[in-house]
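Trainee: no FASTA, just this:
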């Protein structure tokens, strides 16, 4: 019996039972399994009743409430205080008024983010095109190249040791102009200075870093022709294949295990400060030493949110020629996780075309300027991967940025549906940067859903109106207004560090579509605030097949709440991103932002026994594989 039918059975059966005619029966009948019913019915367990100024439930049968009862990590009841007490009945309970002046919404879900990439960038000196509001303070956006050089110089002066590496992330040449080795030599000639560009596709090194890494012109002359073309020794600049070629030399300087763990802890506290209670990485790590290091932070009970890792189907299909072995190896990955991390069961990530930040997506109409679309998977490999995982019943999450790339995805989906029909497949279109109106209709007809990054409009619409896409295509990026009107399920994601993992900010981006210059881009593609909130809660859960346990405040679901200072559905739309976050309730446990609590006990979880160079090389290689599709 599937979960939907089981829930219906329980609702009907329990409500008709003569011994369950109280309001408690209504709450219990909304649970999704008999084990959940048993847990919630144990009369010896103490119930906690939280009161709030307002509770936004996203339950259409009761959209708002003022009290919610929690027992055994699950929601028992939601409504007025009188309603909730009636359902609790004679069961022992305690009142918690911590949130009496707050607004409770369903726990935010980071539908698509990259913890390893985020940890590496968070462990660096962040000097980027946007503000980063971190637990340690706000890092303001770089104004221009002069501002960048001044701030980089100040960071160099603060380093404790003369031999320490100055590693910075976030510079964007399209915004600030070229950056070269000679620029970085002005910062220091006695320590390595390495800049990881905002796209994560390029490195720039100073002379000292080149020498310490053993990178010489003779070394580069031994690289492939393409790698040589995509490198400049004189400028200390390495991009694309040149970047891959230099990785082994610079990895220990940019992915030090201790620095990574520091960055992972910052990433953890950053995401918690934004109200996240659950997250997911599509295209999870396929290097066990790296995953072990990630788990040393993210699997710990000190984590204030759970995280799932979705296998990288592209790499797995490349590795194994036998279709059955592909599935077997995919399923083996579940053993890599534990505690607060797990493998995303029955789902896999594939890739269509190239990146939005580097204008490498495949588009129907030509680019404006010297840009070229790329395919992340050759068509035969893509078709094989789609078929293998489709036949095995997997949900496919497919990275695609351009409208021509989306044509390939939808063609494959239709072919597989006709060959092997599947109901409720929830094939997910990831990123959804450039699309055409006719494709929205086709997405609906084929039963696909969308997970979009609305930050593309905020960060890139102005620049891409001038070059790359032109005004019409740039302003219509992430056409979620059309998707909402078509009745297609959609979620919002950050792809952190491609955008801040801040659900309220993503809501603000999608609702307002205000660019970096302050103008509105594609007003017709604005979405409702209710849709935006669901996009970071219930629809995000739906996209991960978790809607029966997360995403709304309903009896039987996990007690995952985000606690806010104001209601994002009723504040001025322009102020959504400014709503304060008190913290979260995760599976019934309160976690206030920025206070010393149980999480701090394991502030420095035990590191696994991983060799420094082994970790550094594997970590940076995974990071680059991830961003090769995104940057």
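Mentor: Sure, I can see it. Predicted model, so just to flag it, every value in this text is computed and none were measured. Residues are numbered from 1 along each chain as shown.
Trainee: Next secondary structure after the one helix or strand residue 399 maps to?
Mentor: Using DSSP states H and E, the element containing residue 399 is strand 395-400. Using DSSP H and E, the helix or strand that directly follows strand 395-400 along the chain is helix 403-419.
Trainee: Let me see the residues that make contact with the strand holding residue 399.
Mentor: By Cβ atoms under 8 Å, 6 or more residues apart in numbering, the residues outside strand 395-400 that reach it are 112, 282-283, 310, 313, 346-353, 361, 376, 386, 389-390, 406, 408-409, 425-432, 451, 543, 545, 629-630. The C-beta positions use only the backbone N, C-alpha and C, and glycine is treated the same way.
Trainee: Note down every partner strand of it and its orientation.
Mentor: strand 347-351 (parallel), strand 428-431 (parallel) (DSSP bridges).
Trainee: From the chain's centroid, how far away is the first one?
Mentor: Mean-position distance between strand 347-351 and its chain equals 14 Å (Cα atoms, centre = their mean, to the nearest Å).
Trainee: The strand holding residue 399 vs helix 403-419, what angle?
Mentor: Interaxial angle of strand 395-400 relative to helix 403-419 (axes from the mean of the first three to the mean of the last three Cα atoms, to 10 degrees): 160 degrees.
Trainee: Mean confidence (pLDDT) on strand 395-400, please.
Mentor: What strand 395-400 shows for mean pLDDT is 97.
Trainee: Please state the offset of that strand from the chain centre?
Mentor: Distance of strand 395-400 from the chain centroid (Cα atoms, centre = their mean) equals 14 Å.
Trainee: what do you get for stretch 488-506?
Mentor: Distance, stretch centre to chain centre, for stretch 488-506: 6 Å (Cα atoms, centre = their mean).
Trainee: Okay, domains of this protein per the record?
Mentor: What automatic domain parsing lists as the domains of the chain is 3-101, 259-602.
Trainee: Could you point out which of these sits nearest residue 235?
Mentor: Nearest of the domains of the chain to residue 235, taken as Cβ to Cβ: domain 259-602 at 18.0 Å.
Trainee: Just the buried ones from the contacts of strand 395-400?
Mentor: Listed as buried from the contacts of strand 395-400 are 112, 282-283, 310, 313, 347-353, 361, 376, 386, 389-390, 406, 408-409, 425-432, 451, 543, 545, 629-630; burial here means 16 or more other Cβ atoms under 10 Å.
Trainee: With mean pLDDT and distance to residue 588 as extra columns, can I get the strands paired with strand 395-400 in a markdown table?
Mentor: Output for the strands paired with strand 395-400, formatted as a markdown table (pLDDT from 0 to 100; distance: least, Cβ to Cβ, whole Å):
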| stretch | mean pLDDT | distance to residue 588 |
| --- | --- | --- |
| strand 347-351 | 95 | 26 |
| strand 428-431 | 97 | 29 |
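Trainee: unless I'm mixing things up, residue 266 is touching residue 133, no?
Mentor: No. The pair residue 266 and residue 133 does not pass the contact test of Cβ atoms under 8 Å, sitting 12.0 Å apart.
Trainee: Could you report the neighbour count for the nearest residue in space to residue 180 that is not next to it in sequence?
Mentor: In this structure, residue 180 finds its nearest non-sequential neighbour in residue 235, 4.3 Å apart by Cβ to Cβ, 6 or more residues apart in numbering. Residue 235 is flanked by 16 other residues according to other Cβ atoms under 10 Å.
Trainee: Just to be sure, residue 235 is in a helix?
Mentor: No. Per DSSP: H, G, I helix; E, B strand; the rest coil, residue 235 lies outside any helix segment and is coil.
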